[in-house]
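# here's my sequence, what's the structure:
(one chain, ligands or ions: 2)
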Amino acid sequence: EETTVGIIGGGPAGLLLSRLLHRSGIDNVVLESRDRSYVEQRQRAGMLEQTTVDVLRDCGAGARLASEGLVHDGIELRFGGRSRHIDFPTLADGRRVTIYAQTEIVKDLIALQLSGLSDGAPLLFGAEVRSVSGFAPGTEQDGTGAGSPGPQKPELQYTYEGRERVLRCAFVVGCDGFHGVSRNALPVSAAHTYERDYPYSWLGILADAPPACEELIYAHSPRGFALHSMRSPSVSRLYLQVPNGTDPGEWPEERIWDELDARFALGGDSDWRLNRGPVTAKAVLPMRSSVTEPMRHGRLFLAGDAAHIVPPTGAKGLNLAVADVAVLARAFARYHATGDTGALDSYSADRLRRVWRAEHFSYFMTTTLHISPDQSPFDTRLQLAQLERIASSRTAATELAENYAGLALVD
Ligand code: FAD
Ligand code: DHB
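Numbering: from 1, shown residues only. Ligands and ions are numbered 1, 2, ... in the order given. As a prediction, this is how the structure comes out:
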């Protein structure tokens with residue numbers, strides 16, 4: 001078996017890359033270890049930057065997103081018992097964000113890829129990649145020049161339907177998430193991973209309850225952070241800061257709702273409450289920042305969570321994954337059309353600038369809104385001073401709005 005681009009992983013990054021390459025006439029194969037329904041049901045992100053919406057629309061995956069996505073003009077920050085609206089269109093050049101679940105993006109992309117016989121590249125579920133080889137860059141000795149894509153042909157060794165198989169490719173893109181094989185295939189001497197753990201996690205729930213407010217609410221409370229989001233006019237998505245190692249079994253439904261209400265409480269005589277309803281999903285998510293540099297070694301490229309993860313506060317993870325593959329697909333298209341490797345060569349440096357910006361923003365949102373186990377009253381006062389500044393200064397609010405609504409794909 002042979003293809004031009006072998007894609008490891010059929011999450012949002014791998015599926016979208018496949019679609020973009022296919023539309024540029026570049027053949028590719030996606031190998032995904034899990035089955036289709038697992039990939040389609042995995043509860044994750046929900047907030048899309050305008051650029052992400054544009055990329056999905058432009059590749060023909062935007063129909064349901066346009067009709068079912070919820071367009072938001074801003075967010076609400078709640079702290080000190082008060083609420084402040086941050087308006088994105090006025091602060092960030094007219095930009096808005098859209099709520100549309102990652103599960104739905106994945107369903108839309110899979111449906112497009114598997115529809116008809118000719119409108120998608122091959123996508124194999126239950127195909128687990130075991131190893132990647134033959135991607136090392138060229139050297140002066142082999143006559144191809146140091147750093148050139150190299151003379152070798154990469155191979156993906158994978159298991160499918162109980163058999164060991166090999167896919168030979170011109171290039172490999174690792175879109176296999178944080179626990180995949182591609183990042184670990186990089187030689188230790190060629191790559192470095194920068195990491196930071198946080199001393200808290202999120203308990204996330206989905207509930208059949210209409211959102212209590214049209215906007216996302218990011219709440220700073222002495223009891224810990226809480227986030228109000230949604231999936232549709234009848235489904236709420238809510239998150240609570242909990243200690244690392246929390247067992248979701250410790251959180252029966254009533255305890256979750258009571259704690260959420262306590263953290264979102266407004267001062268004075270406000271009786272603001274969430275709408276309650278049956279909890280249909282509940283999970284604890286750890287938080288970590290991680291960046292692997294560089295995002296390319298010879299003929300192997302990394303994209304999405306395989307290259308970097310952010311703590312979820314500020315919702316950058318999925319948006320970064322989409323931006324990575326949009327830039328990478330353009331670079332492949334240019335190489336395919338003209339033989340020019342310039343954009344492939346600058347992929348890693350171009351993306352890492354944006355990745356580190358998003359890393360800083362996610363770290364800033366996380367550490368400004370959560371209460372650390374060892375936090376002093378002084379630290380809490382600093383957080384409140386920063387939130388007050390964002391609420392009262394157009395300059396400070398603009399910094400938040402530009403980062404949240406998202407920066408352009410390229411400088
Ligand atoms: P993934 O979605 O992880 O996809 C990788 C795919 O590769 C998977 O389907 C996996 O099965 C497959 N794979 C792995 N190894 C192999 C292999 N060896 N062979 C073949 N296939 C393989 N972001 C937000 O912005 N907001 C959120 O609320 C949010 N919540 C999250 C909750 C959780 C539990 C997690 C893990 C992430 C969350 N994120 C969130 C981040 C966001 O979902 C990710 O950034 C996004 O999924 C990245 O997409 P991806 O395609 O790069 O990786
Ligand atoms: C969602 C998740 C986030 O991390 C965030 O900052 C905003 C929204 C969500 O799942 O809807």
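
# what sits against whichever residue of the stretch 201-350 of the chain sits closest to ligand 1?
Ranked by CB to the nearest ligand atom, the top residue of the stretch 201-350 of the chain for proximity to ligand 1 is residue 304, at 2.2 Å. From N, CA and C alone the C-beta is placed, and that goes for glycine too. For residue 304, the residues meeting the contact criterion (CB atoms under 8 Å, 6 or more residues apart in numbering) are 9, 11, 12, 13, 14, 175, 177, 320, 321, 324, 325.

# what of residue 372?
Taking CB under 8 Å, 6+ apart as the definition, contacts of residue 372 comprise 199, 200, 379.

# run the last query once more with 7 Å
Residue 372 sits next to residue 199 when contact means CB atoms under 7 Å, 6 or more residues apart in numbering.

# and the chain, which residues reach ligand 2?
Taking CB under 6 Å from any ligand atom as the contact definition, the chain meets ligand 2 at 45, 46, 47, 216, 227, 229, 237, 312, 313, 314, 315.

# counting only strands, which of those residues make the cut?
With DSSP state E as the criterion, strands contain 47, 216, 227, 229, 237 from among the residues of the chain next to ligand 2.

# ok, those residues vs residue 149, which is closest?
residue 47 (35.9 Å; CB to CB).

# heading C-terminal from the lengthiest helix in the chain, find the next helix or strand.
With DSSP state H applied, the helix covering the greatest number of residues in the chain is identified as helix 342-369. Per DSSP states H and E, the first helix or strand lying C-terminal to helix 342-369 is helix 377-392.

# beyond that next one, next helix or strand please.
Scanning the chain past helix 377-392 towards its C-terminal end, the next helix or strand to appear is helix 394-405 (assignment: DSSP H and E).

# which strands and helices lie in contact with that following helix?
The criterion is 3 or more CB pairs under 7 Å, 6 or more residues apart in numbering; DSSP states H and E, and the helices and strands that helix 394-405 contacts are strand 82-87, helix 88-91, helix 377-392.

# can you check what angle separates it from strand 82-87?
Note on geometry: by axes from the mean of the first three to the mean of the last three CA atoms, to 10 degrees, helix 394-405 and strand 82-87 are set 70 degrees apart in direction.

# mind listing residues that contact helix 394-405?
With CB under 7 Å, 6+ apart, helix 394-405 has contacts from 49-50, 75, 86, 88, 91-92, 95, 97, 314, 361, 389-390.

# same thing with stretch 99-110?
Against stretch 99-110 from outside (CB under 7 Å, 6+ apart): 12, 15-16, 19, 36, 39-48, 56, 61, 64-65, 68-70, 72, 229-231, 318.

# near ligand 1, list only the ones from those.
Checking the contacts of stretch 99-110 against ligand 1 by CB under 6 Å from any ligand atom, the ones in range are 12, 39, 44, 45, 318.

# out of these, who's nearest residue 111?
Nearest to residue 111 among these, with distances taken as CB to CB, is residue 39, at 12.3 Å.

# tally of neighbours for the closest one?
Residues near residue 39, counting by other CB atoms under 10 Å, number 21.

# pull the CA atoms of the helix or strand where it lies into PDB?
Assigned by DSSP H and E, residue 39 belongs to helix 36-41. Extracted in PDB, the C-alpha atoms of helix 36-41 (Å, rounded to 0.1, in the frame of the first residue of the first chain):
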ATOM      1  CA  ARG A  36     -16.200   5.300  14.300                       C
ATOM      2  CA  SER A  37     -18.800   5.600  17.100                       C
ATOM      3  CA  TYR A  38     -16.100   6.100  19.800                       C
ATOM      4  CA  VAL A  39     -14.500   8.900  17.800                       C
ATOM      5  CA  GLU A  40     -17.900  10.500  17.100                       C
ATOM      6  CA  GLN A  41     -19.100  10.400  20.800                       C
END
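
# buried residues in that helix?
For helix 36-41, the neighbour count (16 or more other CB atoms under 10 Å) marks 36, 39 as buried.

# got it, and stretch 357-366?
Buried residues in stretch 357-366, defined by neighbour count with 16+ other CB under 10 Å: 358, 359, 361, 362, 363, 364, 365, 366.

# burial count for the nearest residue to residue 61 once chain neighbours are set aside?
By the measure of CB to CB, 6 or more residues apart in numbering, the closest residue to residue 61 outside its immediate chain neighbours is residue 108, 4.9 Å from it. Residue 108 has 20 neighbours, counted by other CB under 10 Å.

# hmm, the one helix or strand residue 108 maps to in reach of ligand 1?
According to DSSP H and E, residue 108 maps onto helix 102-114. Yes - with CB under 6 Å from any ligand atom as the threshold, helix 102-114 lies in contact with ligand 1, specifically through residue 102.

# how about the CA coordinates for that helix, as PDB?
What follows is the C-alpha trace of helix 102-114 in PDB, where atoms were taken according to Å, rounded to 0.1, in the frame of the first residue of the first chain:
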ATOM      1  CA  GLN A 102     -16.300  18.900  18.500                       C
ATOM      2  CA  THR A 103     -18.400  15.700  18.300                       C
ATOM      3  CA  GLU A 104     -20.500  17.300  15.600                       C
ATOM      4  CA  ILE A 105     -17.400  18.600  13.600                       C
ATOM      5  CA  VAL A 106     -16.100  15.000  13.700                       C
ATOM      6  CA  LYS A 107     -19.400  13.600  12.500                       C
ATOM      7  CA  ASP A 108     -19.600  16.100   9.700                       C
ATOM      8  CA  LEU A 109     -16.100  15.400   8.500                       C
ATOM      9  CA  ILE A 110     -16.500  11.600   8.700                       C
ATOM     10  CA  ALA A 111     -19.800  11.800   6.800                       C
ATOM     11  CA  LEU A 112     -18.200  13.800   4.000                       C
ATOM     12  CA  GLN A 113     -15.200  11.500   3.800                       C
ATOM     13  CA  LEU A 114     -17.200   8.400   3.600                       C
END
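
# partner strands of whichever helix or strand comes after it, parallel or antiparallel?
The first helix or strand that comes after helix 102-114 along the chain, using DSSP H and E, is strand 123-125. Within its sheet, and counting by DSSP bridges, strand 123-125 is paired with strand 28-32 (parallel).
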